[in-house]
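*Asks:* I would like the atomic coordinates for the input below:
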Amino acid sequence: MRLFVDTSKVTFTVTKNPEPKNDQNGQQRHRKDDGAPMWATQVMALDETGGEVISVTVAGVKPEATVGQMVVPVGLEAIPWSTNGRSGIAYRAVELAPVNGSK
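*Replies:* Residues are numbered from 1 along each chain as shown. Sure, this is the predicted structure:
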């Protein structure tokens, strides 16, 4: 099952420039189905309840997002994970689209 996030009432501001998403050996990860490189961008998600910093992964061309820029994570998906007694939520999007008028 795919869990998509409703971003209609959330603003996203880039807090760390896109970087290669690396594996435990320091090698950039690639999407399994087509081999596209994966990029991680740290953003602050802000809504009426407050803010949270999350990392959003995009595969393909490196996002052209910069610190302070407002973006929209298109097709944002939440992916629950659990490994070795640890758990969390990973976030993946099709792209990080710039908000009009943003840097």
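
*Asks:* Settle this for me: Ala97 is touching Met70, isn't it.
*Replies:* No. Using Cβ atoms under 8 Å, Ala97 is not in contact with Met70; the gap is 10.1 Å. To be clear about C-beta, it is placed using only N, CA and C from the backbone, and glycine gets the same treatment.

*Asks:* For the residue positioned nearest the centre of the chain, what is the enclosing helix or strand?
*Replies:* Central residue of the chain (Cα atoms, centre = their mean): Val56, 1.0 Å from the mean position. Assigned by DSSP states H and E, Val56 falls within strand 50-59.

*Asks:* Using PDB, list the CA coordinates for the host helix or strand of Trp81.
*Replies:* Trp81 belongs to strand 77-83 when assigned by DSSP H and E. Taking C-alpha atoms only, strand 77-83 is exported to PDB below (Å, rounded to 0.1, in the frame of the first residue of the first chain):
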ATOM      1  CA  GLU A  77       4.800   9.500   0.000                       C
ATOM      2  CA  ALA A  78       5.300   8.400   3.600                       C
ATOM      3  CA  ILE A  79       7.100   5.000   3.900                       C
ATOM      4  CA  PRO A  80       7.100   3.400   7.400                       C
ATOM      5  CA  TRP A  81      10.200   1.300   8.100                       C
ATOM      6  CA  SER A  82      11.500  -0.900  10.900                       C
ATOM      7  CA  THR A  83      15.000  -2.400  11.100                       C
END
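
*Asks:* pLDDT weak spots in the chain?
*Replies:* 101-103 (pLDDT under 70).

*Asks:* hey, what's the closest residue to the residue nearest to the centre of the chain other than its chain neighbours bridged with?
*Replies:* Using Cβ to Cβ, 6 or more residues apart in numbering and skipping the chain neighbours, the partner closest in space to Val56 is Tyr91 (4.8 Å). Tyr91 has the following beta-bridge partners by DSSP bridges: Val56, Ala78.

*Asks:* now the strands for the protein?
*Replies:* Assigned by DSSP state E, the chain shows strands spanning 3-4, 11-20, 38-47, 50-59, 70-74, 77-83, 86-92, 95-98.

*Asks:* Much appreciated, bye for now.
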